Structures are given as C-alpha cells and as structure tokens.
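1. With the sequence up front, the predicted model follows.
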Amino acid sequence: MLEDRYGNALSTALPAARDAYVDGVDRFLSAAPGAVDAFEAAVAADPAFALAHVGLARAYQLLGRAGAVAEAIAAACGVSTGLTAREAGHVAALDLLLKGHAPAAYQAIRSHMLEHPRDAMVAQTCTGVFGLIGFSGQPGREAEQLAFTAALAPHYGDDWWFLAQHAFSQVEAGQIGSATDTIERALAAHPRNAHGAHIRAHIYYEAGETDAGYRYVGDWRKGYDRAGAMHCHIAWHVAIWALERGDLETMWAVIDADVAPDVAWGPPLNVLTDNAAFLYRAELAGVKVTARRWQAVSDFAARIFPNPGIAFADVHSALAHAMAGNNEALGKIITGAKGSAGGLVAKIAEAFQAVAMQDWAKAEECLTGAMAGHERIGGSRAQRDLLEYTLAGALVRQGKGAEANLLLATRRPLKVPANAVKGL
C-alpha cells in the first residue's frame, strides 16, 4: 500500500495521485503556492481518493472560498469504501471542522491524534495561533498549545513542519531560548518553509532583536512568491520593523505594495487584521494615517466579515470601523459579539469606539479589564501588542506617562521599541 511522507497508509493505489497529494500537503504545510493545483491533480488522478478531496477543501478554506470548500468536503464524505481507519477518522474530523462545528471537531481531532499522531494534516488544525486551540476563546490557550505540540514531539523527530509549529508554541509561551533552538533545526531542514520564516520572525520580535529580524525577513521574502499564503503577513512584519526603525519610506512602500486591502494576496483574515493593527500602531507612534486608508480597511471588513463570530476578526473589524466612523458596523460587533470570548470582544470594541472619540478615560477603563486575558481573542503576542500599546497610548494622552511606562516594562519588557507610543 502506498504511504504519505509521514508513513501513513493511503487508500489510493495510483502513484500519480499519491505523489500529487504529498506535494499538496507539503505546499500547504509550508505556505508555498500551488497547493490547490496539487490537490486538484491528486483528485484528477484518483477521484475516489478521499484525502485528496479533504486537502483541497482545506486549501480552499485558506482562501475563503466557502462554496468550493463545501463541494470538496462533500466529495470526500461521498467516498464510502476502501478507506483505512485513519483516513476515515481524518475525513470525519475535518468534515466537522469545515462545517463549523469547532468544539466537536476539536474533540474528534484530539481522539484521532492519540491513535494517529503522525497524521500531520489533522494535527495542523490545532497548531499555530489561528488553529482550533488558538481560536478557542479559552483562558490558558497558550499553555494548552504548548502541551499539544510537546506531546507530539516524540512522534515527529526532525520533521521541518512540526519543529516550526512547536517553536511557535514555545515562543508564545515565553520560551524564547528553546524556541530559537527549535526553529533553527526546522529551517536547517527546510529553509524555504514560509511558516518557518514567519515563526523565526516572531522569535526575533519577542527577543527585541529588531535589526536582526528586519534583515532576516527582508532577505528571506525576496524569493517568496506573491501567491504564497504568508506573503501578506510576512510583509506586515517587515513594515512593523520599518516603523520601529523610523524608516517611514520603506514602511509605506511595503504596506502599499503587499499589505493594503486592494493589493494584498493572502487569507482574508490576515489582510484585515494586518491592516487594522498596522494603521493604529503607526498612529500610536505619531505617524499620520489618512481617512482613506481607514475607510478601505473598514470596507474590506464589512464585505468579508459582515457578521460577528470570529473573535480575532471582530476585534480588528471594530478598530477599522471605529476609526472610519462606520458606527453601524461597529455597533453590530459591540452588541452581537459571540462565542467564548464574546464578552471580551465587545469590551475591546467599546475601547476602540472610545479611542475614535478621544475618550481616553473610557478607553483605559475598557482595556484595563482586557489585559489579563486578551490571549482569548486569538492571534500572537506580537499581534496583540496592538492592545498593549493602545492602552499605553490612552494613558499617555491623560498625562499618565509613568503608568504607561510601567505597563509596558512589566508586560512587554523585551519588546518595547522607543517609538512605540508617541510621548513616552
């Protein structure tokens, strides 16, 4: 029986289908362009190859193509014979995920991993800050993320995909030294893994190594195709570091070429959150941001994420709507935020409403209550510095510079550039 790269038996008997599937998995796991094409080739070679249909559904999900996702997962579920036990569990678990049943999917995936720990495409759904654990809305999710990858570590050895994801878990849990060692092993095995390069950027960021990170990512991304899923977000890291270095010419050039809603190619969630967070972090640093830029992000948020439901998207949509004066859309988030982190999302949205109105005392009040548990909204520590710096900015504008400095020195001691908040 044919096997995938992780030694898992595959139901297809056609080498062409197997080879295209393995190629699709590697492209998906490394955020390389061409995953859709590879999975489509696997399906074309063997229409009864269920996992090829699931892989295609996951690749379409990343692109926000809901109709294509539904068709692909339906095709996978329609294959009723010839599957191994692992493949049947793989299909069932990801069917739950792709149909929006996250809690049930998580339970199915955790059970599946006990029996099939090297089923990487299933494990992947629970890794990273945008996975089922990262977006669970639960307190302590950073510790849970690290526990998840640590439990899998004995099964993956020096696998480049796994090591990168384990490094991400480590750095988000504050283990910068361990994360550095882990990511270097991952990149030695696969230097062009875009997720690996991205995670290396986060480790540089958390260590406060601005110049080293800026040089590394700036060089790495030169050979990265714009069609790669991480292209927009890796460019965001470059722009953030350009802001920290005071290089506004490079900063705006990167934003306008690779991040702004009308030019970026990437998952819609990244396009929204990267733009909203960047624009306000620039404003906090004293950079003038035009109303046109805010309106473009608000329009994008209203079009792609019209209804509350994803905490991380909702927080950034609220910021964009507040700064653009789109009070109707903002009010929809404040009153309609849902899920495990819904109450926290509503409070942060109120804080951004207060920021737009320059009601700094109200912004301080709303954000202070969010500081202890804002990991529940999802995203990385680097991304959630938006909240840390917004609170510091609200304090500065009330003449509470000493409190702002204490806040950042206590909560982000390694990662506070001198120009993060104007006036400090």
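-> Ah, there it is.
2. domain ranges for this structure?
-> Domains of the chain are assigned by automatic domain parsing as 15-125, 127-207, 210-411.
3. Adding mean pLDDT and distance to K422 as columns, could you present these in TSV?
-> Placement of C-beta: from N, CA and C, glycine included. Converted to TSV, the domains of the chain look like this (pLDDT from 0 to 100; distance: least, C-beta to C-beta, whole Å):
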stretch	mean pLDDT	distance to K422
domain 15-125	97	35
domain 127-207	97	21
domain 210-411	97	4
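4. Mean neighbour count and distance to G7 for the ones you listed - can I get that in TSV?
-> TSV is the format used below for the domains of the chain (neighbours: other C-beta atoms under 10 Å; distance: least, C-beta to C-beta, whole Å):
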stretch	mean neighbour count	distance to G7
domain 15-125	20	6
domain 127-207	21	10
domain 210-411	20	26
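5. distance between the ends of stretch 128-136?
-> 12 Å (C-alpha to C-alpha, to the nearest Å).
6. The domains of the chain: which one's closest to P417?
-> P417 lies closest, by C-beta to C-beta, to one member of these: domain 210-411, at 4.1 Å.
7. Next, the distance between the ends of stretch 120-129.
-> 17 Å.
8. Now for L187, which secondary structure element holds it?
-> Using DSSP states H and E, L187 maps to helix 176-189.
9. Contact partners for R27?
-> By C-beta atoms under 8 Å, 6 or more residues apart in numbering, R27 lies in contact with 33-35, 38.
10. That should have said G34, apologies.
-> Here G34 is in contact with 23, 27, 227 (C-beta under 8 Å, 6+ apart).
11. okay, the contacts of R27 in TSV with distance to V69 and secondary structure next?
-> TSV is the format used below for those (distance: C-beta to C-beta, whole Å; DSSP: H, G, I helix; E, B strand; the rest coil):
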residue	distance to V69	secondary structure
P33	19	coil
G34	18	coil
A35	13	helix
A38	17	helix
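12. ok, so of those, who is nearest L279?
-> Closest to L279, out of all of the contacts of R27 and judged by C-beta to C-beta, is P33, at 27.4 Å.
13. Please name the nearest non-neighbouring residue to that closest one.
-> Excluding its sequence neighbours, the residue lying closest to P33 (C-beta to C-beta, 6 or more residues apart in numbering) is A227, at 3.6 Å.
14. I'd guess that neighbour is in a helix, am I close?
-> No: secondary structure of A227 (DSSP: H, G, I helix; E, B strand; the rest coil): coil, not part of a helix.
15. Could you verify my assumption that it touches A31?
-> No: using C-beta atoms under 8 Å, A227 is not in contact with A31, being 10.2 Å away.
16. Find the residues that touch each one of the two.
-> By C-beta under 8 Å, 6+ apart, no residue touches both A227 and A31.
17. how much space is there between A85 and A57?
-> 20 Å (C-beta to C-beta, to the nearest Å).
18. my bad, S11
-> 17 Å.
19. Tell me where the stretch 151-300 of the chain has helices.
-> 160-172, 176-189, 194-206, 210-220, 231-244, 248-254, 268-284, 291-304 (DSSP state H, counting those that start in this stretch).
20. Save those as JSON lines, and put in distance to K99 too.
-> Shown next, in JSON lines, are the helices of the stretch 151-300 of the chain (distance: least, C-beta to C-beta, whole Å):
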{"stretch": "helix 160-172", "distance to K99": "24"}
{"stretch": "helix 176-189", "distance to K99": "32"}
{"stretch": "helix 194-206", "distance to K99": "25"}
{"stretch": "helix 210-220", "distance to K99": "36"}
{"stretch": "helix 231-244", "distance to K99": "26"}
{"stretch": "helix 248-254", "distance to K99": "37"}
{"stretch": "helix 268-284", "distance to K99": "18"}
{"stretch": "helix 291-304", "distance to K99": "20"}
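21. Could you say which one of those comes nearest to A409?
-> Across those, A409 has its closest neighbour in helix 194-206 (15.6 Å, C-beta to C-beta).
22. one step back: generate TSV for the domains of the chain, with distance to P417 as supplementary columns.
-> Conversion of these to TSV gives the following (distance: least, C-beta to C-beta, whole Å):
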stretch	distance to P417
domain 15-125	27
domain 127-207	10
domain 210-411	4
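23. so which of these gets nearest Y6?
-> For Y6, the closest of the domains of the chain is domain 15-125, at 4.3 Å, according to C-beta to C-beta.
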